[in-house]
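>>> based on what follows, work out the 3D shape:
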Amino acid sequence: MLLGLFFALTFATTYFKDDFSDGEAWSKRWVQSTNKPADERGSLTLEAGKWATDVEAEKGIHTGENARFYHYSTTFPEFTNKDKTLVFQFTVKNEQTVDCGGMYLKLHPAGIDQATYNGDTKYNIMFGPDFCGSTRRCHLIFNNREKNHLIKNDISPESDTFTHTYRLVLKPDNTFDVTVDGVSKASGQLEDNFDILPPKKINDPSKSKPSDWVDSPQMDDPEDKKPEGWDDIKEEIVDPDATKPADWDDELDGEWAAPTIRNPEFKGKWSPKRIDNPLYKGPWEHPQIDNPEYKPDNTLYHYASFGGVGLEVWQVTAGTTFDNILVTDSVEEADAAYEKFKGRKDQESALHKAEEEERSKKLEAEADKERTDIKEDEAEDNDKEKAEL
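Below is the predicted model:
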């Protein structure tokens, strides 16, 4: 097993890797776009964030300013994933409670204009969490045939405040796999999970529902008749208990009229009872035929050019750390990288729990002291009252 892993890593190609372990040198690799006005741009910093056990090893690029656009990009030598597996992996930690903000990254073709990088910059793949209110999903979008195609079924992201690893594997057999912390969240054929190709089947345009087709399961009971006098019952009547006020002056106040109230006898609009329809045939299903516009494509996975990684997000409440970004053709290399930091989540959770327990103890101690002080004050007041007596 170890020998196999050695050979797999030996022949793996790392197209891009950034764990931000070289200090502030990251700021020379990652270029901030000037597309947005200066007061709308969020600046990244290099931080490990809360609950770190190894500050230097856990540093990543961190969003720290609220209500800002974070538009940064970096480039690497151009490559194509033709006939190769593509693995895109990174970690995300949200120290804040995210109300509305993106935590995704993009893979771009070579040649992007980093100075004006923005949401309209062409990308190949967009991948990662995005929260806004109750809508929380892990985006997976492929640009194909000059259109962006979002995965049909939502992928649930992690929403706590600890480090999580997001991985996309795209294979030359037109399949994909998304894992979060090593657990598969979505996988399958690209054709089945994205509306990239026209559908294989379409409704037969020469067919239409027969005019005598009955698709209503119930009908009005023809034997049920409206009771006589039903429509003669008024919805409102004069209040029989109302009396003219004693101080009412017809000359000053006008002619007095009793108020109206809802008629307790009123039953609303009449409608006949409903019964099962003996002519019901069930829902009509449109016959389908092969779609003449459909053509299978075994290159859906293929991109002629990759050359950049971009961070293009808006965050209402900042506090996200991106780290351990990896673009490779080897799942084994991604696994080896993951082994180095997969324990962060549990370490952070344990430190957070200890912090909360310590906080609870402190609050309880303060509450105990306050209760003791109140009792002492009450005892002192009682002693004074006794002394005065």
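
>>> can you name the next helix or strand after the helix or strand harbouring residue 309?
Counting by DSSP states H and E, the element that carries residue 309 is strand 306-315. Using DSSP H and E, the helix or strand that follows strand 306-315 towards the C-terminus is strand 320-328.

>>> how distant is that next one from the center of its chain?
With CA atoms, centre = their mean, to the nearest Å as the basis, strand 320-328 stands 20 Å off its chain's centre.

>>> that strand pairs with which strands, parallel or anti?
Looking at strand 320-328 with DSSP bridges, its partner strands are strand 14-18 (antiparallel), strand 60-63 (antiparallel), strand 86-94 (antiparallel).

>>> okay, those in TSV with mean pLDDT next?
Output for the strands paired with strand 320-328, formatted as TSV (pLDDT from 0 to 100):
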stretch	mean pLDDT
strand 14-18	97
strand 60-63	96
strand 86-94	97
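
>>> how about these, which one is nearest residue 251?
Nearest to residue 251, of all the strands paired with strand 320-328, is strand 86-94, at 75.2 Å by CB to CB. Quick note: C-beta positions are derived from backbone N, CA and C, even for glycine.

>>> give the buried residues for that closest one.
For strand 86-94, burial by neighbour count (16 or more other CB atoms under 10 Å) applies to 86-94.

>>> of those residues, closest to residue 352?
Of all those, residue 93 has the smallest distance to residue 352: 11.5 Å, by CB to CB.

>>> who's in contact with the closest one?
The contact partners of residue 93, taken as CB atoms under 8 Å, 6 or more residues apart in numbering, are 49, 60, 161-164, 320-321, 323, 344, 348.

>>> change it to 6 Å
Residue 93 is in contact with 49, 163, 321, counting by CB atoms under 6 Å, 6 or more residues apart in numbering.

>>> mind listing the residues bridging to it?
residue 163, residue 321.

>>> same check, this time on residue 107
For residue 107, the beta-bridge partners are residue 125, residue 309 (DSSP bridges).

>>> so it touches residue 125, yeah?
Yes. Here residue 107 reaches residue 125: they are 4.4 Å apart, a contact under CB atoms under 6 Å.

>>> output the below-cut-off pLDDT ranges for the protein.
Counting by pLDDT under 70, the chain shows low-confidence ranges at 1-10, 389.

>>> can you map out the helices along it?
With helices called from DSSP state H, the chain shows them at 2-10, 26-29, 190-193, 250-253, 331-341, 344-388.

>>> which of the residues in stretch 134-152 are buried?
Buried positions in stretch 134-152, judged by neighbour count with 16+ other CB under 10 Å: 137-144, 149, 151.

>>> so which of those comes closest to residue 295?
Using CB to CB, these come closest to residue 295 at residue 144, 13.8 Å.

>>> per the record, what domains does the protein have?
Following automatic domain parsing, one gets these domains for the chain: 2-192+301-340, 343-389.
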